[in-house]
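1. Predicted structure and sequence below. I'll ask about it afterward.
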Amino acid sequence: MKNIIKALIFVLIFFIIFNYVFKILWLDDNPLKRFYKEPKDSLDVIYIGSSNAYVHFNTVLAWNRYGYTTGLLSHDSQSFASTKLLIEEAEKYQSPYVYVIDLALSINELDSFEEAQIRRTTDAMNFTNNRIQMINKLLSYINVTSINEKIGYYFSFLKYHNRWKNVNRESFLGRDDLFKGFYYCKFTNGIESHDSYVWKNNVTKIEEENKEVLLDLLEYIKLNNLNVLFVIPKRIFKDEDQYKLNDVINIIKDNNMEVINFNTLQDLNIDFSHDLYNAAHLNLYGSTKYTLYFSKYLETKYNLPDHREDSTYNSWNDEYNRFKQIYKSINNKEYDELLDSYDY
Amino acid sequence: MSLISFSFLLFCIITILIYFIVPKKFQWIILLISSICFLFYKNLNIYTIIQSLIVLLSSYSFGILIEKFRNEKKSKIFLLIGIFIILAQLIYLKYTNVFLRSFNLIFSLFNIKYRFILLSNKPVLIGISYYSLIMISYLIDIYRRACESQKNIFKCALFMSYFPILTSGPFIRYDNIKDKLYSQHKFNYSLMCKGLIRILWGLFKVIVISQRLGYFVDTVYGNIYTYIGFYIVIATLFFTLQLYTNFSGSIDIIMGISEIFGIDLPENFRAPFFSKTITEFWRNWHITLGAWLKDYIFYPLLKSNFIQALTHKCKNKFGKKIGKKIPLYICLFIMWILIGIWHGGDYTFIIGSGILQFVFILIEDIFGTIIIKINDKLGINMKTFSYKLYQVIRTYLLFSFAMIFFRADSVINALETIRFMFVWNPWILFDHTSLYAAGLDRYDFGVLIISLVALFIVDIGIKKFDSVRDKLLQQNIVFRWGVIYLLLFVIIIFGCYGVDYNPSSFIYRQF
């Protein structure tokens, strides 16, 4: 008995150290990982999508304006096929008023996602059955079936243990450029003017595999009676992608669900020559406009609560203030000045 | 199944769990089943089944026959038939193409146009060299009355295929292992701890040191026209360490697993790099192979009628002292050629781990006394630390030089490597960039140096105390656990395994 207790203590200490060491070694702090840090049932909105979600929607600004909280289940090039399982994952920890689902990558071929893109999502998830399912699902699209290949996805340390050469201050303290998941693109990269960019109404059928994923998601939403708002982010899409997204919009509308295509909304007032970071992302000016417009819409439509007077939500105030300070240190002016220049 | 793989880890955990859960009388059956699974893992076909049955049935049946007719001449005939069958299969499967290539080379030297067609590669069972020699020694031991034959064919099959030893040895003897192999074992916590520590140490050697050294060695030896001079010198010195850490590390893993089952295996290494001569080196390197060859080849050969007659003739012709040595050297030469053949049979192995080792030992034997006399006259004290250090370094350098052939793809390639080794470019050691351009960056070098120092300290401990583990386990729990956690996390963090690394291969597995 004494030996069993000793062995159990040994294993327990091992896992405590392992957990800490692995957190340091896996430098890739990201919005999805931050999601798990929020207290249970503390998020009012959950925004799921690729980088458009966490670069476009300023969660701390929405908080400051309306007092509701937004969690981001989002990562670069996040496969749309992961959406359903991410909602399942979110439901374990949160009971949001609404899910916002970004459709930008809903048309991408499912076998076009590479290892790094899959890993960004799966590695960030807690080790649960959902994560295993997610790995199996996403890998099945790229024909990875052998257990020896999958094992590196199940146990991320097999991939990241060799990152000891890159350990630095951030590894211990976390990234300081994420604000409740939101990341802002600081500079405008001189995107050419896209005055002629107009959303086209042609329709091209999406791939059968993509349609299956979408229908499966819609079915799941209906079955669980969830409030979901689909969005097509404001950015530049190729013509062919626009045609496919129009098909996606039609499928969703046929299922009696709401889709907002921000590319056809004039009120948003995005100026591509000023507000774009690159063709696919808004910069801080663009994301501020987008957030001011969309956060108001969400607050009005879903009657979201205001927690600003609740001290248990102090971390949201802290993060907003930290964001303003960082903004000031980089842009040499108050964030409020930028807000004052917009009228939403 | 690689020793460094998820499948092997799972396989061992399942086997150990079942081994200690089932009634103790069935433990050996569990070992047999797991050994069969290991033996045929991803290699189950008619060829491999026949290969294993040939060795099993011939050693089992001839073992019984040798014992039955012990006092008759038939006994020797059965022994010879048994050895012939096992050896013939081994030679056919592993060395036919080596011989055919040799004949073709001879034909080409004599401008003969005929060429043998090489045999296509047939699937060969893992560990065939090990279990073939083990079963030959089994038959000889029965013949010599050193042990009784095993009447239960399944127990005989377990002795032949005991899975921990199939990848890299060590050579086991039936008489030494039978009691442990078939007896009942209670779960022993301290044995399990000892076994796990040994496995960890083995993993440290293989995946932290050996694999890392391998990146440098592979880069340099794969591009000897680019990486010349000191690159080759360092790669050659590294390769010897790579070989040692890879082989002894895998033996540590094997012995640790076997220890958990309660089955002790014979030691195969005893800090060989502290040896002062090549002769001493080989007494500490692959100990069980050396012992096997001595007991079953060298001494029988030395006592054979032919060698005895030759000794007699040589004594008459060259005098007692030299006359005694000539047959001894002939037997030694044969033994070293066999060691070279066992290591793979190619000329590179025959030269690197055979002929050159023989030459070094010969020189040591012939000039040993002369050097002592010269040192005496020059007043050099051979008992000082500095002289012993010189001897240790000399042994390491000689062995490393021979390993150029062992590592090279061909004899020509080895000679080219030696030629390019003598290009003078010492600046690569000092310019802060060149050395880091051959597969290992400065961080890897840092890990390597610290790991080698740790290895060096532990090997000193082994030399001094025989078992460093026992010393560690005598310490208080905080220190003990601290060392184990440190080892664990060094392996987890700095080990060359996982997604971005190639699966660890064991240099000795192919034998």
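-> The structure has been received and is ready for your questions.
2. residue ranges of the strands in the chain, please?
-> All of this refers to chain A. All strands of chain A, identified by DSSP state E, fall at A:45-49, A:70-74, A:98-102, A:228-232, A:258-261, A:276-278, A:281-282.
3. which residues sit against the third one?
-> In other words, strand A:98-102. A:44-50, A:52-53, A:57, A:74, A:83, A:87, A:90, A:217, A:226-233, A:298, A:302, A:304 (Cβ atoms under 8 Å, 6 or more residues apart in numbering or on different chains). C-beta coordinates here come from the backbone N, C-alpha and C atoms, glycine included.
4. Just the buried residues from these, in ChimeraX please.
-> Filtering the contacts of strand A:98-102 down to the buried ones (16 or more other Cβ atoms under 10 Å in any protein chain shown) takes a single ChimeraX command:
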select /A:44,45,46,47,48,49,50,52,53,57,74,83,87,90,217,228,229,230,231,232,233,298,302,304
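5. so where is chain A shaky, pLDDT-wise?
-> Counting by pLDDT under 70, the ranges of chain A that qualify are A:27-28, A:187-195.
6. Close to chain B: what parts of it are there?
-> Within chain A, the residues that sit near chain B (Cβ under 8 Å from any Cβ of the partner chain) are A:3, A:7, A:10, A:13-14, A:17-18, A:21, A:25, A:147-148, A:151-152, A:157-159, A:161-162, A:164-165.
7. What about these, which are in helices?
-> Of those, the ones assigned to helices by DSSP state H are A:3, A:7, A:10, A:13-14, A:17-18, A:21, A:25, A:147-148, A:151-152, A:157-159.
8. how much space between B:Phe116 and B:Asp409?
-> The spacing between B:Phe116 and B:Asp409, counted by Cβ to Cβ, to the nearest Å, is 21 Å.
9. in stretch B:354-374, what's buried?
-> So for stretch B:354-374, counting by 16+ other Cβ under 10 Å, buried means B:Gly354, B:Ile355, B:Leu356, B:Gln357, B:Phe358, B:Val359, B:Phe360, B:Ile361, B:Leu362, B:Glu364.
10. Average pLDDT for whatever helix or strand B:Thr348 lives in, rounded please.
-> Assigned by DSSP states H and E, B:Thr348 belongs to helix B:347-350. Averaged over helix B:347-350, pLDDT sits at 90.
11. Same question for stretch B:126-142.
-> Mean pLDDT, computed over stretch B:126-142, is 93.
12. quick one: it to chain centroid distance?
-> In terms of Cα atoms, centre = their mean, to the nearest Å, the centre of stretch B:126-142 is found 15 Å from the chain centre.
13. In the stretch 251-400 of chain B, which residue sits closest to chain A?
-> B:Ile260 (13.5 Å; Cβ to the nearest Cβ).
14. Distance of that residue relative to A:Tyr68?
-> 57 Å.
15. One more: B:Ala414?
-> B:Ala414 sits 73 Å away from A:Tyr68, going by Cβ to Cβ.
16. ok, the two, which is more surrounded?
-> A:Tyr68 (26 against 23; other Cβ atoms under 10 Å in any protein chain shown).
17. surely the more buried one meets A:Asp310?
-> No - A:Tyr68 lies out of contact with A:Asp310 (Cβ atoms under 8 Å); the separation is 11.4 Å.
18. Give me the common contacts of the two.
-> Joint contacts of A:Tyr68 and A:Asp310 (Cβ under 8 Å, 6+ apart) do not exist.
19. per-residue confidence at whichever residue of the stretch 201-350 of chain B sits closest to chain A?
-> In the stretch 201-350 of chain B, the residue that lies nearest chain A is B:Ile207 (10.6 Å; Cβ to the nearest Cβ). Confidence at B:Ile207, expressed as pLDDT, is 94.
20. mind listing the strands for the stretch 51-200 of chain B?
-> Assigned by DSSP state E, counting those that start in this stretch, the stretch 51-200 of chain B shows no strands.
21. who touches the residue of the stretch 251-400 of chain B closest to chain A in this structure?
-> Applying Cβ under 8 Å, 6+ apart, the residues contacting B:Ile260 are B:Ile16, B:Leu191, B:Met192, B:Gly195, B:Leu196.
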